[in-house]
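1. The following block contains a protein sequence and its predicted model.
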Amino acid sequence: MKTALLFGVHAHQPAGNFPEVLDQAHELSYRPFLDTLYRFPAFRFAAHFSGPLLDYLLERYPRDMQCLREMVARGQVELFGGGDTEPVLAAIPHRDRVAQLAALAEKLERKLGAAPTGAWLTERVWESSVVTALVESGTRYVTVDDYHFLCAGKTVAELDGCFTTEEGGARIDLYPISEALRYRIPFAPAAETVEFIGARAGGAAIYFDDIEKFGIWPETHEWVYGKGWLEAFVRGVLESDRIETLTFREHRARAATRGIVYLPTASYIEMNEWTLPAPAAHAYTGLVAREKEAGRYEAGKAFLRGGIWRNFLSRYPEANWMHKRMLQLSERVAALPRGTPTDALRRLLHLGQANDAYWHGLFGGLYLPHLRRAVYGALIGLEARLDAIAPRPARERIDLDADGVDELFIQNRELQAVLKLDGSASLVELDAYALAQNFGDTLRRHEEHYHRTALEAQGSQHEGPGIASAHDRVRFKHPVSAEDLVPDAHARTSFRDAWVDAAGNVRPLERYELAPHGSLEHAASFMVHGDAGRIEKLVLVQGSRVTVTWFIETAHAGTFRTELNLAMPSCDGYAGRYILNGEIPCGFGQPLDAEAVTELVLDDQFMGGAVAVLCSSPAGVRARPHLTVSQSEDGFEKIMQCATVTLAWPLAAGRCELSVALKITGGR
């Protein structure tokens, strides 16, 4: 009896990724993969392309997409659906799940000639709540990891076909992706991999994983194409008298379900570690290591479970805030009167739901500012359109992110300032609608489990035939020191104040209380009593500027300072620079120290706009790039998150008034 090889590849690039990255991915992986498989019509396989990537490839590389279209027409390729912008379906409302699935299905049928009956689940995140939306969209089966089934008590030997599950009576079939194949393809020698598949003697061997493994991951382009791994694998499969290739649709038509199964909430096994806070991740990986040393890991790994994908939203307040802003706007779209045109609004909402910027792991993009900026750009653009259709109050107080602390939204048609009422009276978000830019979109330094590895590792180690997986590599794009890894004590917000006494002791001002709402509709007033004396803080949003004024009454000399953390799209790139006294002293990526400053401009040519910091009294300025250390498939790297600008004023005892305005220019 032949083994049915169900082979699938998933192609995705984050919304907002740089065009040159997409072009390189196409050149190294997408084009050579399609060209190779096109020459072997008998090799059947499934392919999933996320919506934004598919749009880009169709526009930029029509020849290669025509090749794919022909393979679909001749029955060689089965197209898989999913959420159009690659959302984690479990993390968005049911109405948006259905709309996302429908958007990609319609696109596939219109542009590639076939509607999907199977779906790819982003990051293989499974929650039973997604079943009803999948079924409602016409999806008949999805692929998830075999690990999900092991957690439900199944054995690897049982996982050679599809199973059925249901939610509220809505049924869908589940195909278990083989972890053993994921780790062999394409890293083990081709002949060895073919032999492994053929040795199964019947049933189905199920593989569905990132196409980027075929050319984009380190060393894989030369291995897969230069040394001929892919062609050798395809020829080996087709020449084997023990293997036949089928699409998932063909297999489902001929094979009965293996029966009912109910899976726990899960993702692929590596996610168990990534989603845990560092102390818990240390404990988890230590337990895994001890079980491996004792030879018990394979037998018990299904019961050594770490966290779930949603833990990223509780672990990273920045991800949680972005997620809750997305949900807030989804509610507003859903609440529009019947008959309101919503196609353009939904496109922006869907882009704001793209998964990559919401989580962090070897492949998650929370640490990448350009991916977060793409999400916020869509959400801010959506909010501006919604405000034009259904205006909202100038001031609104809510606990949006469910952290037990209220936020105060102050907005007009040009600008929105969101204040965290946690005692800091600082800005957690600052949106310029004309630029579709959130200047508060930054990331604090978090403690990460892999930071310990960064300090201890000396280099990559890989032994044996084939090449190393990205999971097994330790590489450094930038040198990393212990100082680079110290976590921040608080969020990287703006207008975070402190008092420095005559002895140099720094006293953060963290007990501001919101004063009663006065006559100014677009303002908020705060009061604090402490070591600095009495300070009243007024935040005013007018046109395209936000002005913060402090009325300070102190009995002792000292220094008052406030910290701005401004997310600038150019980061440390060449297009971002400071302008001081008409000169350009340096870029955002370099340190800047200056005295007696009344105006400092942060000019960002990539953004097409600027932020002018205007001080009522000359201030000392200290500006530094805020860098975080993260790990990706390319290694450990430092990433600039924002420009941290600290303004300081030496004050004598008595009363004084200081103000700082952020004036934003550029955009439409």
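-> Perfect, I can see it now.
2. so what's residue 16 scoring on pLDDT?
-> Residue 16 is assigned a pLDDT of 88 by the prediction.
3. sec struct for it, please.
-> Classification of residue 16 by DSSP: H, G, I helix; E, B strand; the rest coil places it in coil.
4. Would you map the helices across the stretch 101-250 of the chain?
-> 131-136, 146-151, 179-184, 190-198, 220-221, 229-239, 248-254 (DSSP state H, counting those that start in this stretch).
5. Now do the buried residues in the last one.
-> Which is helix 248-254. Buried residues in helix 248-254, counted by 16 or more other Cβ atoms under 10 Å: 248-252. C-betas here are computed from N, CA, C, even on glycine.
6. With the fourth one instead?
-> Buried positions in helix 190-198, judged by neighbour count with 16+ other Cβ under 10 Å: 190, 193-194, 196-198.
7. In a markdown table, list those along with distance to residue 592 and pLDDT.
-> A markdown table is the format used below for the buried residues of helix 190-198 (distance: Cβ to Cβ, whole Å; pLDDT from 0 to 100):
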| residue | distance to residue 592 | pLDDT |
| --- | --- | --- |
| 190 | 55 | 97 |
| 193 | 55 | 98 |
| 194 | 59 | 97 |
| 196 | 58 | 96 |
| 197 | 59 | 96 |
| 198 | 64 | 94 |
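8. Dump the helices of the stretch 101-250 of the chain to JSON lines, plus distance to residue 537.
-> JSON lines is the format used below for those (distance: least, Cβ to Cβ, whole Å):
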{"stretch": "helix 131-136", "distance to residue 537": "46"}
{"stretch": "helix 146-151", "distance to residue 537": "51"}
{"stretch": "helix 179-184", "distance to residue 537": "54"}
{"stretch": "helix 190-198", "distance to residue 537": "64"}
{"stretch": "helix 220-221", "distance to residue 537": "54"}
{"stretch": "helix 229-239", "distance to residue 537": "62"}
{"stretch": "helix 248-254", "distance to residue 537": "60"}
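9. Quick check: which of those helices is nearest to residue 74?
-> helix 248-254 (13.5 Å; Cβ to Cβ).
10. quick one: contacts of the closest one?
-> 4, 6, 8, 44, 46, 78, 80, 117-118, 140-141, 143, 162, 173, 175, 204 (Cβ atoms under 8 Å, 6 or more residues apart in numbering).
11. from the residues you listed, which is closest to residue 238?
-> The nearest one, if we look at the contacts of helix 248-254 relative to residue 238 and count by Cβ to Cβ, is residue 44, at 10.3 Å.
12. Surely the closest one is in contact with residue 243?
-> No - using Cβ atoms under 8 Å, residue 44 makes no contact with residue 243, being 11.5 Å away.
13. Not counting sequence-adjacent ones, nearest residue to residue 164?
-> Of all residues not flanking residue 164 in the chain, residue 257 sits nearest, at 4.5 Å (Cβ to Cβ, 6 or more residues apart in numbering).
14. Just give the number of residues close to that neighbour.
-> For residue 257, the neighbour count with other Cβ atoms under 10 Å is 16.
15. helices or strands up against the lengthiest strand in the chain?
-> Ranked by residue count, the top strand of the chain under DSSP state E comes out as strand 609-632. If you count contacts as 3 or more Cβ pairs under 8 Å, 6 or more residues apart in numbering; DSSP states H and E, strand 609-632 packs onto helix 451-456, strand 558-566, strand 592-604, strand 635-651, strand 654-666.
16. So for the longest one, what gets flagged as buried?
-> To tie it back to what came earlier, the one meant is strand 635-651. In strand 635-651, counting by 16+ other Cβ under 10 Å, buried: 635-649, 651.
17. Let me know the pLDDT of residue 131.
-> Value for residue 131, per-residue pLDDT: 98.
18. where in this structure is pLDDT low?
-> Under the criterion pLDDT under 70, the flagged ranges of the chain are 457-478, 633-634, 668.
19. Let's see that with 50 instead.
-> 458-464, 467-473 (pLDDT under 50).
20. Dump the buried residues of helix 248-254 to CSV, plus distance to residue 360.
-> Shown next, in CSV, are these (distance: Cβ to Cβ, whole Å):
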residue, distance to residue 360
248, 31
249, 35
250, 38
251, 35
252, 35
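21. quick one, what contacts the closest residue to residue 433 other than its chain neighbours?
-> Excluding the flanking residues, the one nearest residue 433 by Cβ to Cβ, 6+ apart is residue 384, at 4.5 Å. By Cβ under 8 Å, 6+ apart, residue 384 lies in contact with 413, 433, 436.
22. mind checking how far the helix or strand where residue 384 lies is from the chain centre?
-> Element membership for residue 384 (DSSP states H and E) is helix 369-389. The gap between where helix 369-389 is centred and where its chain is centred comes out at 15 Å by Cα atoms, centre = their mean, to the nearest Å.
23. quick check: angle from that helix to strand 609-632?
-> For helix 369-389 against strand 609-632, the angle by axes from the mean of the first three to the mean of the last three Cα atoms, to 10 degrees is 130 degrees.
24. tell me the contacts of residue 651?
-> 552, 554, 557-560 are the contacts of residue 651 under Cβ under 8 Å, 6+ apart.
25. Bridged to it, which residues?
-> residue 558 (DSSP bridges).
26. For it, give its distance to residue 136.
-> Separation of residue 651 from residue 136 (Cβ to Cβ, to the nearest Å): 63 Å.
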